[in-house]
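[1] From the sequence below, what's the structure:
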Amino acid sequence: MILDQLINVLNLLKRCGFPQRRWKELGLTLGLHKNTLDAMEVTLHGDVFRCLLECLSQWLSRADNVDSKGGATINSLSDALKSMNETAAADKLDQESSSQKMPKSPPPVAPKPRSLSQSGRSQPLSTASKPRPLSQTAQPPPTASKPRRPSLTTQPPPKAPKPRRSQDSSSAPHDPTAAVLQDKEGKKDPSSLEPMEGSMSPEYITMKEMLADLVDLLAENAPVISQINNHLFSSDLIPKAVHVTVESTAGLTPYDRTNKIFSSVLATLECHPNPNSVFSSLVTSLQKVGLKNMASKLMEKLKMKGGHVDANLEQQPSVSEGPLQPVGVTAQSHTPQPTITGSQSSTPTTVIELSSKDEVAANIGGLNSRFASLDSNIRDEFEELVEKGKVKLKAEVQVIESNREETGEVKWGSDSVSLTKPSAGQCQEVISQLTDSHRTIFLRHLSPDIVYLMMSQVLDIRTIKGIGIFNTKITIDVILLLSHKITNNASLEILSISADSISDDGVIALTQSLINNKTITRLLLHNNPDITSSSAQSLAELLLYNHTLSYLYLFGTNIDTDGVLVLMESLRTNNTLWRLCLDYKHKQTCYSLPYYKTIENRLYFW
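    This is a model prediction of the structure:
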């Protein structure tokens, strides 16, 4: 399976010491198209770990020109590492693969799947019957103290008693997925016994012990499976291959589907450099679909393991809203731990649990973060008042700008640069230091004046191929000022404006600028709740008159059924858009259209 191979290859690369920051170069060397990799970087906000994960997923799916580079085999991976001068990693890879007698030629070529740049989906990898597939060559090392994880099978295994925790690691059951690399005599490779990074984090242990409960609970709530699948995928907790497989439901029982979902999350926890962020996203997803009792149990168990729980997550109600908890499934709300309070009166008070110094420090850090966010909001409100002429206090404005100098952050990559809350001076400095190798710019948490300052200059740089804008309010005034540059830009290929950054009036102005643009092929407007059906007509006109656009992301918006129907009419006549991504709630509406079969291959629901 793609999932087994993906995690195994990722673990293998980590054991071999491959630097994750070189994921894009690895993808190009393995045969993936640059457009495919650029799309990954923009969609995943430049997150190095997730970009590497998606890159390997596309390689295992044999997308783009992977077959011409030797296919998805250990040999082709080793050759790629050597060509990148990662000789130490390649040698270790060869050493491990030789102990397994890896095939030296790729498996028979199956019909080649469409790549991310063509279809947006990962397809299963077909392997030969005799050569040993990747899933048997790069298994993660054994960890004796871990409880058993349900295997990823196409038939539901018999339900066994839930694993018991034991202080004696020798009595823990063996994990069947943790087969070690062996030599010809069957001896274990000592290098494979090294623990993986994050594999024994409190979050991983908690998830491991609660896995059976999670699978059982969701398997008996089949209607919720698709919801949690979409939430986890949009949070980057599961790879696209798993999301597509679970969504297809072909030949899979509810138990199989939930098993795939949560085993994938567990694998992500094992490999991710920040398991707490993964765990928090999982809890948030459970809360969003109504499984709040289970979310509370996970948080309580994590605290028992010494892990940190975000205070914001604990503010969610612990009682499930809706008939999601089936009879016979244990899902009681958690029992709170003893706390220290400042008063015994009935007056509501803020309670902080003092279980350790680390937890106290973490709580203080969380409060600092919340106050920093509040401070940022106050600054934004103040600047808006100044901009409208309601407040004229130059001294305060200068203080705010000086503070921005202190908090602004610039991160340089080999072919990209990311700016977070930059000052005007930092923006000018970045512009002056850009080279031809910098192809993508990410802008986060910018004020309208700063985003205009950056965009007005970036749109004139012909080597910039991708712009990603996140958590930045782009007003209609900014877009109108940039309209001429957007229309006549002849180099930009990807424009992503997401994460609550644009509203209807901005979209209407933007579509008018893009109608005659000849180079932008990907317009990503996802996760903008202020986009509604009021701008659907303008988007439909864009599809009618623009013949360059091939990808349009509109999931995570508030476009309703009427707006979707307007878009569908335009899609019927548009023959250049390859992928229109909408919220999953619109799937049934589109499916009921009489002409659905003519457009179904170009629709994708998140």
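[2] Now do the same contact list for I497.
    By C-beta atoms under 8 Å, 6 or more residues apart in numbering, the contact set of I497 is 469, 474, 510, 524-525, 528. Placement of C-beta: from N, CA and C, glycine included.
[3] In terms of helix, strand or coil, where does it fall?
    On the three-state scheme (DSSP: H, G, I helix; E, B strand; the rest coil), I497 is labelled strand.
[4] other SSEs contacting the helix or strand containing P223?
    Following DSSP states H and E, the helix or strand that holds P223 is helix 222-234. Contact analysis of helix 222-234 by 3 or more C-beta pairs under 8 Å, 6 or more residues apart in numbering; DSSP states H and E lists helix 202-219, helix 240-248, helix 254-271, helix 275-288 as its packing neighbours.
[5] possible to save those helices as JSON lines with mean neighbour count, mean pLDDT and distance to N488?
    Supplementary listing: the helices and strands packed on helix 222-234 in JSON lines, determined by neighbours: other C-beta atoms under 10 Å; pLDDT from 0 to 100; distance: least, C-beta to C-beta, whole Å:
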{"stretch": "helix 202-219", "mean neighbour count": "22", "mean pLDDT": "83", "distance to N488": "49"}
{"stretch": "helix 240-248", "mean neighbour count": "21", "mean pLDDT": "77", "distance to N488": "35"}
{"stretch": "helix 254-271", "mean neighbour count": "24", "mean pLDDT": "81", "distance to N488": "43"}
{"stretch": "helix 275-288", "mean neighbour count": "21", "mean pLDDT": "86", "distance to N488": "40"}
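[6] Could you dump these into TSV and include distance to T463?
    TSV is the format used below for the helices and strands packed on helix 222-234 (distance: least, C-beta to C-beta, whole Å):
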stretch	distance to T463
helix 202-219	41
helix 240-248	29
helix 254-271	34
helix 275-288	33
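[7] Among those helices, which comes closest to K303?
    helix 202-219 (8.8 Å; C-beta to C-beta).
[8] And the helices in the stretch 351-500 of the chain?
    Listed in chain order, the helices of the stretch 351-500 of the chain (DSSP state H, counting those that start in this stretch) span 357-387, 394-407, 424-433, 448-458, 476-488.
[9] among those helices, which gets the worst mean confidence?
    Comparing mean pLDDT across the helices of the stretch 351-500 of the chain, the weakest is helix 394-407, with a mean of 46.
[10] does L269 really touch V278, like I thought?
    Yes: proximity of L269 to V278 meets the contact threshold set by C-beta atoms under 8 Å, at 5.3 Å.
[11] mind showing which ranges of this protein have poor pLDDT?
    Within the chain, the set of residues satisfying pLDDT under 70 comprises 1-5, 96-200, 249-251, 314-407.
[12] make it 50
    Counting by pLDDT under 50, the chain shows low-confidence ranges at 1-2, 101-199, 317-357, 359-360, 393-406.
[13] May I see the domains of it written out as residue ranges?
    2-139, 203-239+247-314, 357-400, 408-605 (automatic domain parsing).
[14] Okay, buried residues for stretch 308-315 please.
    Neighbour-count burial for stretch 308-315 flags 308-311, 313-314 (criterion: 16 or more other C-beta atoms under 10 Å).
[15] One more: stretch 490-504?
    492-499, 501-504.
[16] What's the end-to-end length of that stretch?
    26 Å (C-alpha to C-alpha, to the nearest Å).
[17] Going forward, count from 36.
    Sure thing, new numbering starts at 36, so read that last one as stretch 525-539.
[18] separation between T583 and S269?
    In this structure, T583 and S269 are separated by 27 Å, where distance is defined by C-beta to C-beta, to the nearest Å.
[19] E244 too?
    26 Å.
[20] three-state assignment of K553?
    Assigned by three-state DSSP, the conformation of K553 is coil.
[21] which residues sit in contact with Y619?
    Y619 sits in contact with 261-262, 265, 590, 640-641, where contact means C-beta under 8 Å, 6+ apart.
[22] Kindly report the same for L602.
    Under the criterion of C-beta under 8 Å, 6+ apart, the contact list for L602 reads 571, 574-575, 578, 589, 594, 615, 617.
[23] Closest to C90 out of the residues you listed?
    Within the contacts of L602, proximity to C90 (C-beta to C-beta) peaks at L615, which comes in at 24.4 Å.
[24] which residue packs closest to D512, ignoring adjacent ones?
    Distances taken as C-beta to C-beta, 6 or more residues apart in numbering place P483 nearest to D512, at 7.3 Å, with adjacent residues excluded.
[25] cool, and N523?
    Setting aside the residues directly before and after it, N523 is nearest to N552 in space (C-beta to C-beta, 6+ apart), at 8.0 Å.
[26] Let me see the contact set for that neighbour.
    Per C-beta under 8 Å, 6+ apart, neighbours of N552: 521-524, 581, 583.
[27] Scan those residues and report the most crowded one.
    Each of those was scored by neighbour count (other C-beta atoms under 10 Å); the top score is that of N524, with 24 neighbours.
[28] Against M490, how distant is that one?
    Counting by C-beta to C-beta, the gap between N524 and M490 amounts to 10 Å.
[29] How about N347?
    The span separating N347 from M490 equals 32 Å under the rule C-beta to C-beta.
[30] now do D291
    Taking C-beta to C-beta as the measure, D291 falls 47 Å from M490.
[31] ok, now A276?
    As for A276, its distance to M490 is 35 Å (criterion: C-beta to C-beta).
[32] just I296 next, same as before
    For I296, the distance to M490 equals 39 Å [C-beta to C-beta].
[33] Then I260?
    As judged by C-beta to C-beta, I260 and M490 stand 41 Å apart.
[34] cool, N264 as well?
    Distance, N264 to M490, by C-beta to C-beta: 36 Å.
[35] again, but for I514
    Using C-beta to C-beta, one gets 9 Å for the distance from I514 to M490.
[36] try L253
    Looking at L253 against M490, where the rule is C-beta to C-beta, the gap reads 44 Å.
[37] next one: E282
    When C-beta to C-beta is applied, the distance between E282 and M490 equals 36 Å.
[38] picking up where we left off before, among the contacts of N552, which one sits closest to N70?
    The closest of the contacts of N552 to N70 turns out to be T583 (C-beta to C-beta; 13.4 Å).
[39] name the helices or strands packed onto whichever helix or strand L72 is part of?
    With elements taken from DSSP H and E, the one containing L72 is helix 69-78. Taking 3+ C-beta pairs under 8 Å, 6+ apart as contact, the helices and strands that helix 69-78 lies on are helix 58-65, helix 83-95, strand 475-479, strand 501-505, strand 529-533, strand 557-559.
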